[in-house]
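Engineer: quick one: sequence plus predicted model below, questions after.
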Amino acid sequence: MADQNLIEFGLHLKRLRVARGLSQEQLGLIAELDRTYISGIERGVRNVSLVNIYRIAKALGLSVATLFPSKENQ
């Protein structure tokens, strides 16, 4: 069973990705990560590493902090 924090992180990542008009495959290519890895993060089943969080943030043109959902916005 997925951890609630992973689920929230994944849903937030998906919102950010979709807002930029990117598919999982496109984000994966830019971040040099497999599409299935991006999918797993978004579904809350992958515990993403810090190194990959930095890759994803850079690929989306965002700060690392922006990738973390704000409890105030939920």
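Structural biologist: Received it, and whenever you're ready, just let me know what you need. Please read all numbers here as calculations on a predicted model, not as lab measurements.

Engineer: centroid-nearest residue for this structure?
Structural biologist: A centroid search over the chain (C-alpha atoms, centre = their mean) returns L13, at 3.6 Å, as the residue closest to the centre.

Engineer: could you pull out the helices in the protein for me?
Structural biologist: 4-19, 24-31, 35-42, 50-60 (DSSP state H).

Engineer: looking at the ones you listed, spot the one closest to F68.
Structural biologist: Closest to F68 of the helices of the chain, according to C-beta to C-beta: helix 4-19, at 6.9 Å. No exception for glycine: its C-beta is placed from N, CA and C like everyone else's.

Engineer: one step back: next one: the residue nearest to the centre of the chain relative to Q26, how far apart?
Structural biologist: Going from L13 to Q26 by C-beta to C-beta, to the nearest Å gives 14 Å.

Engineer: again with L11
Structural biologist: 19 Å.

Engineer: ok, now L67?
Structural biologist: For L67, the distance to Q26 - C-beta to C-beta - is 17 Å.

Engineer: re earlier: select, out of the helices of the chain, the one closest to K71.
Structural biologist: helix 4-19 (9.0 Å).

Engineer: other SSEs contacting that closest one?
Structural biologist: For helix 4-19, the packing partners by 3 or more C-beta pairs under 8 Å, 6 or more residues apart in numbering; DSSP states H and E come out as helix 35-42, helix 50-60.

Engineer: which one of the ones you listed lies closest to N5?
Structural biologist: The nearest among the helices and strands packed on helix 4-19, by C-beta to C-beta, is helix 35-42 at 12.1 Å.

Engineer: check which residues of the closest one are buried.
Structural biologist: 37-42 (16 or more other C-beta atoms under 10 Å).

Engineer: and the residue lying closest to N52 once chain neighbours are set aside, how far is that from Q4?
Structural biologist: Residue nearest to N52 in three dimensions, not counting chain neighbours: L33, with 6.2 Å by C-beta to C-beta, 6 or more residues apart in numbering. Between L33 and Q4 the computed distance is 23 Å (C-beta to C-beta).
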